[in-house]
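Participant: Make a model of this:
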Amino acid sequence: MEQEYLSIFDEKQQKVGKNTRSFIHQHGLWHETFHCWFVYIENGVPYLYFQQRSEVKKDFPGLFDITAAGHILANETAKDGIREVKEELGINISMEELQFIGIIKDSILQEGFMDNEFAHTFIYITENKHLPFHLQEEEVSGIFSSPLSEVVRLYDKKVAHISLQCIHSKNDDLTAINATLKDFVPHGTGYINTVLMNAIRKK
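Facilitator: Numbers count the residues shown, from 1 in each chain. The predicted model follows:
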């Protein structure tokens, strides 16, 4: 996977070449990704779905993240990213069922890890609480949800933690997790705010 070839872009999203995923992350080069956030609506209340990353993941093991996401390879377009939903979650949906909210810059900069993404970001809205999740265990250990309003309060730092309800997990005894901001992948503030704002509008 680290040797997959991705397209490289400048900060204005002009393609300037390609290289391996590992090289791109090592040097903090801009590349494209596919992000899909699931929003479940119950009695008019929107709930945001997070995946919990597998404990065997190289980056951010066990943290909560975008419902489904992945890199767009050098020979692909953003539409090819829909495969991530099927691969990670076992859910069959089409691009026509998604709502596009934009290409959002997202930077995660840590020691030894520089991830600069042009994230092609989508929202999938459903009223089906019992989606047939079949998780790719080496990637995802569970799916959790929280009312969108609570997620907003957490990122606005109006509360220190929120309760994430377990929707699907390999741990049958797990019902909920108390989560703080440190339990989530540290996406850029601008990226998160754009996603939350659009999720509120789309509901």
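
Participant: pLDDT of the longest helix seen in the chain, averaged?
Facilitator: Using DSSP state H, we find that the single longest helix of the chain is helix 189-202. Across helix 189-202, pLDDT averages out at 92.

Participant: which residue ends up closest to the midpoint of this protein in space?
Facilitator: The centroid of the chain falls nearest to residue 66 when counting by Cα atoms, centre = their mean (1.9 Å).

Participant: Just give the number of residues close to the nearest residue to it once chain neighbours are set aside.
Facilitator: In space, residue 66 comes closest to residue 35 once its chain neighbours are excluded; the distance is 5.0 Å by Cβ to Cβ, 6 or more residues apart in numbering. (Glycine included, C-beta is placed from N, CA and C.) Residue 35 has 24 neighbours, counted by other Cβ atoms under 10 Å.

Participant: shaky segments in the chain?
Facilitator: Low-confidence regions of the chain, defined by pLDDT under 70, span residues 1-2, 203.

Participant: In the helix or strand in which residue 46 is found, which residues are buried?
Facilitator: Following DSSP states H and E, one finds residue 46 within strand 45-53. By neighbour count with 16 or more other Cβ atoms under 10 Å, strand 45-53 contains the buried residues 46, 47, 48, 49, 50, 51, 52, 53.

Participant: Quick one: list the elements packing against that strand.
Facilitator: On a contact count with 3 or more Cβ pairs under 8 Å, 6 or more residues apart in numbering; DSSP states H and E, strand 45-53 meets strand 30-42, strand 64-65, strand 140-147, helix 148-155, strand 162-169, helix 189-202.

Participant: Go ahead and name everything in contact with it.
Facilitator: 37-41, 60-68, 88-89, 139-148, 151, 164, 167, 169, 184-185, 199-200, 203 (Cβ atoms under 8 Å, 6 or more residues apart in numbering).

Participant: For the helices and strands packed on strand 45-53, give me CSV that also has distance to residue 9.
Facilitator: CSV is the format used below for the helices and strands packed on strand 45-53 (distance: least, Cβ to Cβ, whole Å):
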stretch, distance to residue 9
strand 30-42, 4
strand 64-65, 22
strand 140-147, 28
helix 148-155, 27
strand 162-169, 34
helix 189-202, 16
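
Participant: just checking, residue 97 touches residue 128?
Facilitator: No. Assessed by Cβ atoms under 8 Å, residue 97 is found out of contact with residue 128, at 11.7 Å.

Participant: more neighbours, those two?
Facilitator: Each of residue 97 and residue 128 has its neighbours counted (other Cβ under 10 Å); residue 97 has more, 13 against 8.

Participant: Could you name the specific helix or strand carrying the nearest residue to that one once chain neighbours are set aside?
Facilitator: The shortest distance from residue 97 to any non-neighbouring residue, by Cβ to Cβ, 6+ apart, is to residue 124 (6.3 Å). Residue 124 belongs to strand 113-126 when assigned by DSSP H and E.

Participant: in its sheet, what does that strand sit against?
Facilitator: Taking DSSP bridges as the criterion, strand 113-126 sits next to strand 30-42 (parallel), strand 99-110 (antiparallel) in its sheet.

Participant: Which elements pack onto the longest helix of the chain?
Facilitator: By 3+ Cβ pairs under 8 Å, 6+ apart, helix 189-202 packs against strand 30-42, strand 45-53, strand 99-110, strand 113-126, helix 148-155.
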